[in-house]
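Enquirer: sharing a model that was predicted from the sequence below.
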Amino acid sequence: MKKINYTSYILTAIITVVGIYLITTYNMLVKKDEKVKLQVNEVQNAYQRRLDLIPNLVNVVKGVSDFEQNTLVEITEARSKAATVNFNATTKTADEFNKASEAQNDLALATNKLIISIEKYPTLKGSAAYAGLQTQLEGTERRIKIARKDFNEAVNIYNNSVRTFPTKLVAGLFGFTEKKGFQSDAGAENVTEIKF
């Protein structure tokens, strides 16, 4: 009777199982990484919408009233700064991410200041063109909020996968690292006071 060598079968089975695990884990990490990139693009899309709407809003404001020039200058400068700082799927470092986020936050602050200041001008408030643009801008701000939330959720799911064992071993092997999501600005918990 011939003796069967089970060692080679066991080694083959172990190698096959490990290989299948590596492949499926790698593919799962790639899908989650692509989801994060998709959400980054959605945030960028919402930012671009804001950048496109602001010149129209400023032009309506200029055309309808004698408006405070420094507010218009501030919003134009903030828009220019935000347009030059790219935030996209290839942003790798936390510093690049923070710069882009800070530029967009400055733009949102300047835009909100414009909207608050306009409340002093009843003629402008009543303008149909302004009302339409303000509605568009408010909708855009909501889109940005939702896109940031979705991005943070995608980053959270991705980071949980990258940091849990044994997936962490595969992530380290193939170079998948933790990603950073949006955080609230310092002082965001304070209510903005409007004085006329």
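Expert: Thanks, I have it. Given the structure is predicted, the values throughout are model-derived calculations rather than measurements.

Enquirer: just the helices in the protein please.
Expert: For the chain, helices defined by DSSP state H occupy the ranges 6-64, 69-84, 94-118, 122-126, 128-163, 167-174.

Enquirer: format these as JSON lines; extra columns: distance to Q183, mean pLDDT and mean neighbour count.
Expert: Just so you know, the C-beta spots here come from the backbone N, C-alpha and C atoms, and that holds for glycine as well. Shown next, in JSON lines, are these (distance: least, C-beta to C-beta, whole Å; pLDDT from 0 to 100; neighbours: other C-beta atoms under 10 Å):
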{"stretch": "helix 6-64", "distance to Q183": "14", "mean pLDDT": "87", "mean neighbour count": "15"}
{"stretch": "helix 69-84", "distance to Q183": "18", "mean pLDDT": "70", "mean neighbour count": "16"}
{"stretch": "helix 94-118", "distance to Q183": "8", "mean pLDDT": "73", "mean neighbour count": "17"}
{"stretch": "helix 122-126", "distance to Q183": "34", "mean pLDDT": "56", "mean neighbour count": "13"}
{"stretch": "helix 128-163", "distance to Q183": "9", "mean pLDDT": "86", "mean neighbour count": "16"}
{"stretch": "helix 167-174", "distance to Q183": "23", "mean pLDDT": "92", "mean neighbour count": "15"}
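
Enquirer: how many residues are close by the spatially closest residue to R163 that is not a sequence neighbour?
Expert: What sits nearest to R163 in space, not counting adjacent residues and going by C-beta to C-beta, 6 or more residues apart in numbering, is E178, at 6.8 Å. If you count neighbours by other C-beta atoms under 10 Å, E178 ends up with 11.

Enquirer: dihedrals phi and psi, P166?
Expert: phi -90, psi 0 (degrees, to the nearest 10).

Enquirer: so who does it touch?
Expert: P166 sits next to no residue when contact means C-beta atoms under 8 Å, 6 or more residues apart in numbering.

Enquirer: check it and give its pLDDT.
Expert: We have a pLDDT of 90 for P166.

Enquirer: measure the residue nearest to R163 to K168 for me?
Expert: Distance from E178 to K168, counting by C-beta to C-beta, to the nearest Å: 10 Å.

Enquirer: over to D95?
Expert: Distance from D95 to K168, by C-beta to C-beta: 25 Å.

Enquirer: please apply the same query to K99.
Expert: For K99 relative to K168 (C-beta to C-beta), the value is 29 Å.

Enquirer: same deal with A83?
Expert: According to C-beta to C-beta, A83 and K168 sit 38 Å apart.

Enquirer: quick check: phi and psi at G175.
Expert: When quoted as degrees, to the nearest 10, the phi and psi of G175 stand at phi 80, psi 20.

Enquirer: count of residues packed around it?
Expert: 7.

Enquirer: re the thing from before, contact partners for the residue nearest to R163?
Expert: 159, 162-163.
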